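[1] Provided below for reference: sequence and predicted model.
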2 protein chains.
Amino acid sequence: MARPTIADIATRAGVSKGAVSFALNGRPGVSDATRERILRIAEQMSWRPHSAARALGASRVDSVGMVIARPARTLGVEPFFAHLLSGVQSGLSAESISLQLLIVEDTAAEIEVYRRWASEHRVDGVILVDLTVKDARVDELRALELPAVMIGGRGGKGALPSVWADDREAMLSIVEYLAALGHRRIAHVAGTPNFQHTQRRIRAVRDAAPRLGLVDAPSLTTDFSDAEGAAITRKLLSQSQRPTAIVYDSDVMAVAGLGVAMEMGVSVPGDLSIVAFDDSILTQLMHPALTALSRDTFDFGRQAAEVLLETIADPTTVINRRTPDPVLTVRESTAPPT
Amino acid sequence: MARPTIADIATRAGVSKGAVSFALNGRPGVSDATRERILRIAEQMSWRPHSAARALGASRVDSVGMVIARPARTLGVEPFFAHLLSGVQSGLSAESISLQLLIVEDTAAEIEVYRRWASEHRVDGVILVDLTVKDARVDELRALELPAVMIGGRGGKGALPSVWADDREAMLSIVEYLAALGHRRIAHVAGTPNFQHTQRRIRAVRDAAPRLGLVDAPSLTTDFSDAEGAAITRKLLSQSQRPTAIVYDSDVMAVAGLGVAMEMGVSVPGDLSIVAFDDSILTQLMHPALTALSRDTFDFGRQAAEVLLETIADPTTVINRRTPDPVLTVRESTAPPT
DNA sequence: TGGGTTTGATAAACCGGTATAGCTCCTGCA
DNA sequence: TGCAGGAGCTATACCGGTTTATCAAACCCA
């Protein structure tokens, strides 16, 4: 027999389909002896549930979705998503729930995907990344009644469940470290201004500046691309009063910035200290290797999966889980200013 | 009404469920007038097919799978997978077929996934990457009767359908370019030896050596990691007769190699030319920017999706599609030897 | 000993589609 | 005029599970 169904098992065990279903799902309705027998037969026939059939009956598809809205070009250099993905999957695989991944160009397309997924019952819930300040997706998902968890977006009143790290604390740890080294002119090359975490980081720098006695601490926003990272760096280093340290919101921009510095004859870390707000192999490949903020992205993903599953199981309680603060890994690109 | 079913549409249109199904799937059995009316009503009620229900009836789930078997750590730096993924999705989205992505640790786990997917009817077919020489997955998939397409693995007798680029030609173009510049000592830092493409590239170098008058053209295998790439480079550059050019099988290894060269005071491209067999932002971020072989990875993925869909539609004909040869993008890391 | 509850199991409905046998007209042609 | 044939549609089985109503037998306690 090619693929046994519960009906086959029922015949073989001399019971009804219903009894088999009860036995296989570990719910009351059959005696221990019968359950045992059915399980053994199912095992023998190497039975596996037909996912579609189960989804149809139980209106639960054992599958969650994740959409990444970024132009393909900018994607993939940062190992961030790969690690996040692995983590999410490890969190899901325990319950043998599968993940649908989609890469789209923009948020409009992303919302379309959610609508389709909801109406076609393709996923039980979704994981949101790259939260923006007034994020249209949040309302949309609530309207669709699709369980969701936000990664990185801290939930406020009536928000969706979330898993977040304290960007503010993290940024403070960087700036305080640089200030302790003696830096007073620190520039911040930030990411896209409408991202929530970008705003939080900018605010952290601004708030810390007076306390740490920073002379000047501009935050300059970019599109996260290496090109803009390089351009901003060039501008910063061309000023008469140039910064002695630059904090980049991504490793790619930090690497691009390092290149510009070298090109302009600005020695790192002699004349300029560089810190990347995100770690990866990239920062270690460089010479000098970059001081960077390391986050356990894998674990981040795992926790997001967990929270999502809990949310699917019980959509009424909104979980806001805070993950451990990221730590600064000091390498060769930072030193006291000369 | 929350989610309309075809039964709702049928009632509203005053026809039977069957008629609605015919109309919505564009098959004969209803008059044009009725079809029109049904479609309008479906549109009005914003009906969407329930994927599970459709899968159950039609034994086709409109979903394909892709498993990447690499330790999470090594994954993600190369934008290769991100681009491939985007391409695959663009090929699938035309038919609105979804993609299940899974990252696992090794091939054994990958095969487990295929078994599960097959028995649970979760996918209509799969896309295979990282083909090895005697690849266990091929036989397994044939046994499971799961349609599949190999990416990069060139199909021989009785092989699975495939989409491939000519690695041999590509490698030849690199070596010939270097030889034309005047290089006679060229080293090849290859990838994992059991990958099919690694073997093809090694063979290409070996075959071309005598014709191009290369004095020495060793191919040294690695695990594709930056660490081994760096280690091998250090060894090569420490030899008394060191190579004047090195070809790396990946951009990450090339970057690591560049770092080692700079560290050892070997100037690039003055004393050493470097070529990466694979392009990405990474190669452009470097100083000097790396000469690299550019492949249209996005298109590669798109074509793989196409071939897979054709294979699912008609599993009897085995397609072997060759994609355009990759081209060498010359940047700053190559020059005539001094 | 008898009535009520619990246990173990069954049959059948159901989920939302697809596929098919069959029925009713209408048309065309001998 | 009669009949074959096809268009247009309906009714119904079916896919492989889950869930519910129902029921018989066993069990419990006064």
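    Structure's in. What do you need?
[2] partners of residue A:151 in the sheet?
    residue A:163 (DSSP bridges).
[3] what about it, neighbour count?
    Other residues near residue A:151 come to 24 when the count uses other CB atoms under 10 Å in any protein chain shown. All C-beta atoms are positioned from the backbone trio N, CA, C, and that covers glycine.
[4] hang on, isn't it packed against residue A:127?
    Yes: if you go by CB atoms under 8 Å, residue A:151 and residue A:127 touch, sitting 6.2 Å apart.
[5] now the closest residue to DNA strand C within the stretch 151-300 of chain A: how far from chain B?
    Using CB to the nearest atom of the strand, the single residue of the stretch 151-300 of chain A nearest to DNA strand C is residue A:160, 25.3 Å away. Distance check for residue A:160 against chain B: by CB to the nearest CB, to the nearest Å, it reads 21 Å.
[6] show me where the stretch 1-150 of chain A has strands.
    In order along the chain, the stretch 1-150 of chain A carries the following strands (DSSP state E, counting those that start in this stretch): A:63-69, A:98-104, A:125-128, A:148-151.
[7] Pipe the ones you listed into CSV and attach mean pLDDT and distance to residue A:14 per row.
    What follows is those, written out as CSV (pLDDT from 0 to 100; distance: least, CB to CB, whole Å):
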stretch, mean pLDDT, distance to residue A:14
strand A:63-69, 92, 34
strand A:98-104, 88, 34
strand A:125-128, 96, 40
strand A:148-151, 95, 45
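[8] What are the contacting residues of stretch A:205-220?
    Taking contacts as CB atoms under 8 Å, 6 or more residues apart in numbering or on different chains, the residues outside stretch A:205-220 that touch it are A:171-172, A:175-176, A:179, A:183-190, A:201-202, A:232, A:236, A:241, A:243, A:247.
[9] switch to 10 Å and redo it
    Contact partners of stretch A:205-220, identified using CB atoms under 10 Å, 6 or more residues apart in numbering or on different chains, comprise A:168, A:171-172, A:174-176, A:178-180, A:183-190, A:193, A:198-199, A:201-204, A:228-229, A:231-233, A:235-236, A:239, A:241, A:243-247, A:249.
[10] Just the buried ones from the residues you listed?
    With burial judged by 16 or more other CB atoms under 10 Å in any protein chain shown, the buried subset of those is A:168, A:171-172, A:174-175, A:178-179, A:183-190, A:198-199, A:201-202, A:204, A:228-229, A:231-233, A:236, A:243-247, A:249.
[11] Torsion angles phi and psi at the spatially closest residue to residue A:217 that is not a sequence neighbour?
    The spatial neighbour of residue A:217 that comes closest, neighbours along the chain excluded (CB to CB, 6 or more residues apart in numbering or on different chains), is residue A:209 at 4.3 Å. Here the main-chain torsion angles of residue A:209 (degrees, to the nearest 10) amount to phi -50, psi -50.
[12] Any idea how many residues pack against residue A:209?
    Per other CB under 10 Å, the neighbour tally for residue A:209 reads 19.
[13] Please report how far it lies from DNA strand D.
    When CB to the nearest atom of the strand, to the nearest Å is applied, the distance between residue A:209 and DNA strand D equals 57 Å.
[14] quick one: pLDDT of the one residue in chain A that gets nearest to DNA strand C?
    Nearest to DNA strand C, among the residues of chain A, is residue A:18, at 3.0 Å (CB to the nearest atom of the strand). Reported pLDDT at residue A:18 in the predicted model: 91.
[15] That one reaches residue A:9, doesn't it?
    No: when contacts are counted by CB atoms under 10 Å, residue A:18 is not listed as touching residue A:9 (11.8 Å).
[16] ok so, going back, out of the strands of the stretch 1-150 of chain A, which comes closest to residue A:264?
    Set against residue A:264 and scored by CB to CB, the strands of the stretch 1-150 of chain A come closest in strand A:63-69, at 34.4 Å.
[17] Do I have it right that residue A:40 meets residue A:13?
    Yes: here residue A:40 reaches residue A:13: they are 8.9 Å apart, a contact under CB under 10 Å.
[18] Pull out the buried positions in stretch A:130-138.
    Neighbour counts over stretch A:130-138 (16+ other CB under 10 Å) mark A:130, A:131, A:132, A:135, A:137, A:138 as buried.
[19] Is it positioned near chain B?
    No: on the criterion CB under 10 Å from any CB of the partner chain, stretch A:130-138 is out of touch with chain B, staying 14.9 Å away.
[20] now that stretch: mean pLDDT?
    Per-residue pLDDT values across stretch A:130-138 average out to 91.
[21] who touches it?
    Counting by CB under 10 Å, 6+ apart, the neighbours of stretch A:130-138 from elsewhere in the structure are A:67-70, A:107-108, A:110-111, A:114, A:126, A:128, A:141, A:148, A:150-155, A:158-160, A:162, A:164, A:191-199, A:224.
[22] residues in chain A within reach of DNA strand D, list them.
    The interface of chain A toward DNA strand D, taken as CB under 7 Å from any atom of the strand, is made up of A:3, A:5-7, A:17-18, A:21-22, A:24-25, A:27, A:29, A:47-50, A:53-54, A:56-58.
[23] how does it look with 6 Å?
    A:5-6, A:17-18, A:21, A:24-25, A:49-50, A:53-54, A:56-58 (CB under 6 Å from any atom of the strand).
[24] So which of the residues you listed reach chain B?
    When the residues of chain A next to DNA strand D are checked against chain B using CB under 10 Å from any CB, the ones in range are A:49, A:50, A:53, A:54, A:56, A:57, A:58.
[25] Just checking, which of those comes out lowest on pLDDT?
    For these, the weakest pLDDT value sits at residue A:58, with 75.
[26] pretty sure it contacts residue B:52?
    Yes: in terms of CB under 10 Å, residue A:58 counts as a neighbour of residue B:52; the distance is 9.5 Å.
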